[in-house]
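Peer 1: Sequence plus the predicted model coming up.
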Amino acid sequence: MEHPNKVFCNVMSPDRKHLAVGNGRDAIQMWDWQTKTKAKTIDGSTFPLLTRNVILPVFTSDSRLMAYRKELNVVLLNMEDYSVEHLIEWDKAINSIIFSPNDRLLAMNSDIVTDVYDLNDYSFVQNYKT
């Protein structure tokens, strides 16, 4: 398995079917772990002037969705067909993304705030200022 750029992050899906490899700048390579073949390259354009701007891929515990940062947004990708299930638009630089253990909530934070979203309808739930 070869990656064309430096690798700054990689995440295995909990079901061990997908390996997401991010070069930190403009793409996530999705690998089919069972066949060890590249399944798809996903545009993860972030901020091209920053270095080590990791795209932050993260999977739900059931491996149904993968979330990743794209510019000031969080993209929720359906892992069955790699289609965009939802886009959460935000106005801050995203430092981290995490799913709740039951996959019902998604939290993302910047330097000053954490926002929580309900994944049933993608509605905003709560905001916590740091």
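Peer 2: Now that the structure is in, tell me what you want to look at. Numbers count the residues shown, from 1 in each chain.
Peer 1: Residue 92: neighbour count?
Peer 2: Counted with other Cβ atoms under 10 Å, the burial measure for residue 92 works out to 13 neighbours. Heads up, the C-betas are built off the backbone N, CA and C, glycines and all.
Peer 1: What residues does it make contact with?
Peer 2: 72, 110, 111, 112, 113 (Cβ atoms under 8 Å, 6 or more residues apart in numbering).
Peer 1: got it, and residue 83?
Peer 2: Residues touching residue 83, when contacts are defined by Cβ under 8 Å, 6+ apart, comprise residue 77.
Peer 1: What residues sit buried inside stretch 61-69?
Peer 2: 63, 64, 65, 66, 67, 68, 69 (16 or more other Cβ atoms under 10 Å).
Peer 1: Flag the least confident of the residues you listed.
Peer 2: Of all the buried residues of stretch 61-69, residue 69 carries the smallest pLDDT score, 84.
Peer 1: is it true that that residue touches residue 94?
Peer 2: Yes: at 4.8 Å, residue 69 counts as touching residue 94 under the criterion of Cβ atoms under 8 Å.
Peer 1: Common neighbours of the two, please.
Peer 2: By the contact definition Cβ under 8 Å, 6+ apart, residue 69 and residue 94 are jointly contacted by residue 56.
Peer 1: returning to what we had before: would you list the contacts of residue 92 in TSV and tack on pLDDT, neighbour count and distance to residue 128?
Peer 2: What follows is the contacts of residue 92, written out as TSV (pLDDT from 0 to 100; neighbours: other Cβ atoms under 10 Å; distance: Cβ to Cβ, whole Å):
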residue	pLDDT	neighbour count	distance to residue 128
72	81	15	19
110	86	16	11
111	85	8	13
112	89	9	10
113	92	13	7
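Peer 1: Thank you kindly, that will do.
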